[in-house]
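**Q** Need coordinates for the following:
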Amino acid sequence: MFSPGQCLSIATYAVCMLAAPQANAAIGFQPISQDELKMTSEPQAPGAPAIILYRQVDRDDNMRTPHEDDYVRVKILTDEGRKYGNVEIAFLKGKQNIVGLRARTIHLDGSVAEFSGKIFEKELVKAKGIKYLAKTITLPDLQVGSIIEYSYTVDFSEYALYDSVWILSDELFTKKARFSLKPTDNPYWPSLRWSSHILPAGTTPPKQSPDHFVRMEASNIPAFVTEDYMPPADEMKSRVDFVYEGNGAEKEQSRYWKAIGKQWNGFLEDYIGKRKAMEQAVTLIVSPSDSPEVKLRKIYARVQQIRNTSYELQKTEQEKKRDKEKWEENVEDVWKRGYGNEIQINYLFVGLTRAAGFEAYACWVAGRSEYFFSPATMQSAKLDSNVILVKLNGKDLYLDPGVPYTPFGLLAWSETGVVGLRVDKDGGAWIETTLPPASQSRIERGGKLKLSDTGDLEGKLTITSVGLEAMYPRLEERHADEAARKKYLEDGLKEQIDAGTEVELINKPDWASSETPLVAEFDLKIPGWASGAGRRVMIPAAIFTAGEKGVFEHAQRVHPIYFEYPHLKSDDIAIELPPGWLVSSVPAPQNQDGHVILYALKVDQSPGTVRLTRKFTIDFMMVEAKYYAALRNFFQVVRSGDGEQIVLQPGEIHASN
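**A** Numbering: from 1, shown residues only. Coordinates of the predicted model:
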C-alpha cells in the first residue's frame, strides 16, 4: 500500500515506466586467486562451513529500469559447506524478478566449470498476503576447497526507489563487500539521505562521490544467526536505508512530519470532498434508528463489498495504467463504479463514516512484517499501510476495510501494535494501533473420536478458526478453487499431528465472510495411535502438538522472541474406548500460567470414555532475549505435558490374545 505522496509521483511518470526495457548487465566474475584456493579456514569465523570471500552490490534507482546487480563469491571449507552449492535467490513476487543468473565452480586445481544446468523457481513463503519465491540452481561436483561464484540482476517494480536498501548481513561470514547506489534521476526526488543500522565494527558509513554515486566498503561482517520466532530478519541485520526527498523537504523532525501530515491530509480531503454524494449513499446503508455501532458495522460491511483491485490476480499493463489514472477521481466515482484499490476503499469508508456523523481519520502506519519503524529516521515512505481511526462511543477504533476478510474491529496482523501518523489539517499526531488479545484470534478443535481395539483412532473433528486465524486462510486462498482449498485445510490439519494421518474435509466452509468463523469439519483417522506395553495400552494425552515440538530447544538465544500476533489454541476431544476397556491412570492436570503465556492440560474419564482438554495461549508480541531461558523452560513444560500418556487396560478377551 502506498502513501498519497508516493501515488502522486508514481502517476506523474507512469508512462515512462510502462515503456521501459528490462534488460540489465550483471557483474562479471572476478579473477581466480591462488591464495583463496589454498585457504582452509578463516580465523574470524572458526568452524564455519563456508564463508563469503567477496560480495558486490550495485544498485541503480534510475526512473526507467530500477535494478540491482549482485555478485557473490563463496569458499567451501568443510563437507557441510557443500550445501551452499544449492543456491537460492529469494525475491518478492510482483515487486521483484531475478534475471541474468550465471554461476561457476572453481576447483582446487584452478579449473573452472561453468554452470549450464536448469534454473528452477520454487515457493519459499506464501503466508498472510506475502509470496516469496526463489530462483534455484545446483552446482555439481562441488568439493571441500572449491570456490563458487554467481551473479544476477534484480529487476524492481516502478515503486522500488521508495525502499532502496543495502543488506550487509548474510548467514555466512563475509570477508569483504562493496556497495554502490546510483540515485534516481526522477526530478521530483532530487535529494537523497541515508541512515545506517548495526554496521560492522570499523565500517566507515556511506559517502557520496562527485559522480553522485553513494559507495561503501565493509569487511569481516559477522554471520547472521536465524532463530525460531525472531523479529523480521532485515530488522535485525546490518543495513543502510536510503530516503529520497522532494524539493523543500523539512530537515527538522517535528516540522518534517507536520508537513507530511498536512500534505497527506490535503490529498485525503480532496479525494473525499463529495459530502452530498456520501450522505445520499449513507441513506442506502443505514437506518435512522440504528445505534452508532450498528451504523458503523453496516458501513464497514458495505464498503468491504466493493471490488478490491489491489487483491486481484496480476493485471495487464493497460489495467495498471488505468488504475493510476483513477487517482484523478474521487470517492463518489469509487462508489458509483463499485471498485477501487485498498486505499480508495479506505478513503471511501472515511467519507461515508463522516457523512454518517462519525469522527474519522486516515492513519498511515508502518507495517512490521519486514522492519520496525522509527519516526526519527524521517522516512515517510515507510508508513506504507493505511488504516482508519473512528471514534465510537468515546473510544478509538482502528479499522481497515481495504484489506479483504478483515473482521470489524481488527487489523491485518502487521498493522497491529505499530506507530502511525493520524493526519489532519494541522499535520496530525502520532498514534499506536491496538494489539488484539489472544482471545480474538483463536483456533478451537473439538471432536468425538473412537479408539479401536487395534489402536487406531478415528472419528469426526471440527476446527473453528476465529479472527485473524480465519482471516488469513481466506486471504491466502482467495483465488483458489474448491479442490485447492480442501487440500489446504487437510494439509494444515496433518501438520498438527505427529503421526501418519488420514484426513478428509467433509463440509463446505464459508470462505467469503469477514465476520463469521471459518468452520472446517473432517473425517479423521490416525492409524496406530495407541501403543502396547505388556498387558497395557497407552495413548498420548494431547493430539495436535506437532507445532510446539522442536521450538526453543537451543540453549542460547541471540534475537528477541517475536510472535506475529497473540493467539489461542484450544482442544476438547472425547475418545470412546473399545468395549470392556478401562482407564488405569491419567496424567496429573497441568495449569501453567506465565501471565503472557498459558498452558493447561486435563484428562477426565468416565465409563468407556476419556476427554482431553488442552489450552495454549500466546498473549504477547515480543520479549527481549534475556527472557529466553524462562520461555524455553515453559515450552519444555509444554512438551513434557503433551508427552504424558493415558494408560488403558484392555478388556479380558483382548488382553488374553
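
**Q** what stretches of the stretch 551-657 of the chain score poorly on pLDDT?
**A** Where the stretch 551-657 of the chain drops to pLDDT under 70, the residues are 652-657.

**Q** again, only this time at 80
**A** The model of the stretch 551-657 of the chain has pLDDT under 80 over residues 651-657.

**Q** again, but for the chain
**A** Within the chain, the segments meeting pLDDT under 80 span 1-26, 94, 125-131, 158-163, 246-249, 313-328, 498-499, 533-534, 651-657.

**Q** Taking the centroid of it, which residue is nearest it?
**A** A centroid search over the chain (C-alpha atoms, centre = their mean) returns Ser369, at 5.0 Å, as the residue closest to the centre.

**Q** in which helix or strand would I find that residue?
**A** Using DSSP states H and E, Ser369 falls within no helix or strand.

**Q** ditto for Phe372
**A** In this structure, Phe372 sits in neither a helix nor a strand according to DSSP H and E.

**Q** Tell me what Ile137 is bridged to.
**A** In this structure, Ile137 has beta-bridge partners Val87, where bridges are defined by DSSP bridges.

**Q** Hmm, it is touching Leu101, no?
**A** Yes - taking contacts as C-beta atoms under 8 Å, Ile137 lies within contact range of Leu101: 6.9 Å. Placement of C-beta: from N, CA and C, glycine included.

**Q** tell me, what's touching these two both at once?
**A** When C-beta atoms under 8 Å, 6 or more residues apart in numbering defines a contact, the residues bordering Ile137 and Leu101 alike are 119, 150.

**Q** coming back round to it: which residue packs closest to the residue nearest to the centre of the chain, ignoring adjacent ones?
**A** In space, Ser369 comes closest to Ser414 once its chain neighbours are excluded; the distance is 4.1 Å by C-beta to C-beta, 6 or more residues apart in numbering.

**Q** Glu235 too?
**A** Nearest residue to Glu235, sequence neighbours excluded (C-beta to C-beta, 6+ apart): Tyr371, at 4.6 Å.

**Q** For Ser513, which residues are in contact?
**A** Under the criterion of C-beta under 8 Å, 6+ apart, the neighbours of Ser513 are 405, 474.

**Q** picking that back up, against Gly246, how distant is the residue nearest to Glu235?
**A** Tyr371 is 23 Å from Gly246, where distance means C-beta to C-beta, to the nearest Å.

**Q** Could you report the neighbour count for Val286?
**A** One way to gauge burial is a neighbour count; for Val286, by other C-beta atoms under 10 Å, it gives 18.

**Q** Provide the secondary structure category for it.
**A** Using DSSP: H, G, I helix; E, B strand; the rest coil, the secondary structure recorded for Val286 is coil.

**Q** can you give me the helices for the stretch 251-400 of the chain?
**A** Assignment of helices within the stretch 251-400 of the chain using DSSP state H, counting those that start in this stretch yields the ranges 253-272, 275-283, 292-304, 317-325, 331-337, 342-355.

**Q** Just say which of those is most tucked in.
**A** helix 342-355 (a mean of 25; mean count of other C-beta atoms under 10 Å).

**Q** and the angle from that one to helix 253-272?
**A** Between the direction of helix 342-355 and that of helix 253-272, the angle (axes from the mean of the first three to the mean of the last three C-alpha atoms, to 10 degrees) works out to 80 degrees.

**Q** Please tell me how far helix 342-355 is from the chain's geometric centre.
**A** If you compare the mean C-alpha spot of helix 342-355 with that of the full chain, they lie 26 Å apart, counting by C-alpha atoms, centre = their mean, to the nearest Å.

**Q** ok, Gly641 touching Ala588?
**A** No - counting by C-beta under 8 Å, Gly641 sits too far from Ala588 to count as a contact (9.2 Å).

**Q** Looking at the two, which one has more neighbours?
**A** The residue with the greater number of neighbours, taking Gly641 and Ala588 and applying other C-beta under 10 Å, is Gly641; the counts read 22 against 11.

**Q** Just give the nearest non-adjacent residue to that one, would you?
**A** The spatially closest residue to Gly641, leaving aside those adjacent along the chain, is Gln590, at 4.3 Å (C-beta to C-beta, 6+ apart).

**Q** what bridges to the one you found?
**A** Taking DSSP bridges, one obtains Leu601 as the residues bridged to Gln590.

**Q** Name the surrounding residues that touch the helix or strand containing Val519.
**A** Following DSSP H and E, one finds Val519 within strand 518-526. Contacts made with strand 518-526 from outside it, assessed by C-beta under 8 Å, 6+ apart, are listed as 447, 449, 456-465, 469-470, 473-474, 489-490, 493, 497, 499-507, 509-511, 543.

**Q** Check which residues of the next helix or strand after it are buried.
**A** Per DSSP H and E, strand 518-526 leads on to strand 531-533 as the next helix or strand towards the C-terminus. Residues of strand 531-533 classed as buried under the neighbour-count rule (16 or more other C-beta atoms under 10 Å) do not occur.

**Q** And strand 531-533, what does it pack against?
**A** strand 536-540 (3 or more C-beta pairs under 8 Å, 6 or more residues apart in numbering; DSSP states H and E).

**Q** Dump the C-alpha coordinates for the strand it packs on into CSV.
**A** What follows is strand 536-540 as a C-alpha-only set of coordinates in CSV (Å, rounded to 0.1, in the frame of the first residue of the first chain):
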residue,chain,number,x,y,z
ARG,A,536,-1.4,-52.3,29.0
VAL,A,537,-2.1,-49.8,26.1
MET,A,538,-1.0,-46.2,26.2
ILE,A,539,-2.3,-43.2,24.2
PRO,A,540,-0.9,-39.6,24.4
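
**Q** Give the other helices and strands that the helix or strand following it contacts.
**A** Remark: after strand 536-540, the chain's next helix or strand is strand 561-562, criterion DSSP H and E. Other elements packing on strand 561-562 under the criterion 3+ C-beta pairs under 8 Å, 6+ apart are strand 622-623.

**Q** so what does the helix or strand just after the strand it packs on touch, helix or strand wise?
**A** Moving toward the C-terminus from strand 622-623, the next helix or strand (DSSP H and E) is helix 628-642. If contacts are counted by 3+ C-beta pairs under 8 Å, 6+ apart, helix 628-642 sits against strand 590-593, strand 597-606.

**Q** residues of helix 628-642 that come out buried?
**A** Within helix 628-642, the residues that qualify as buried are 628, 631-632, 634-635, 638-639, 641-642, counting by 16+ other C-beta under 10 Å.

**Q** do the same with stretch 559-574
**A** Within stretch 559-574, the residues that count as buried by 16+ other C-beta under 10 Å are 559-571, 573-574.

**Q** First-to-last residue distance for that stretch?
**A** Terminal residues of stretch 559-574 are spaced 40 Å apart (C-alpha to C-alpha, to the nearest Å).

**Q** repeat for stretch 200-219
**A** The first and final residues of stretch 200-219 sit 8 Å from each other (C-alpha to C-alpha).

**Q** Ok, stretch 437-444 next?
**A** Stretch 437-444 has an end-to-end distance of 16 Å (C-alpha to C-alpha).

**Q** next one: that stretch to chain centre, how far?
**A** Relative to the chain's own centre, stretch 437-444 is displaced by 19 Å; criterion: C-alpha atoms, centre = their mean.

**Q** circling back to that earlier point, now render the helices of the stretch 251-400 of the chain as TSV, adding distance to Ala533.
**A** As requested, the helices of the stretch 251-400 of the chain are arranged in TSV below (distance: least, C-beta to C-beta, whole Å):
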stretch	distance to Ala533
helix 253-272	67
helix 275-283	69
helix 292-304	55
helix 317-325	65
helix 331-337	67
helix 342-355	58
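
**Q** And those: which comes nearest Ser116?
**A** With C-beta to C-beta, the closest approach to Ser116 among the helices of the stretch 251-400 of the chain belongs to helix 317-325: 33.5 Å.

**Q** Look at Tyr371 and Gly246 and report which has more neighbours.
**A** Tyr371 (22 against 14).
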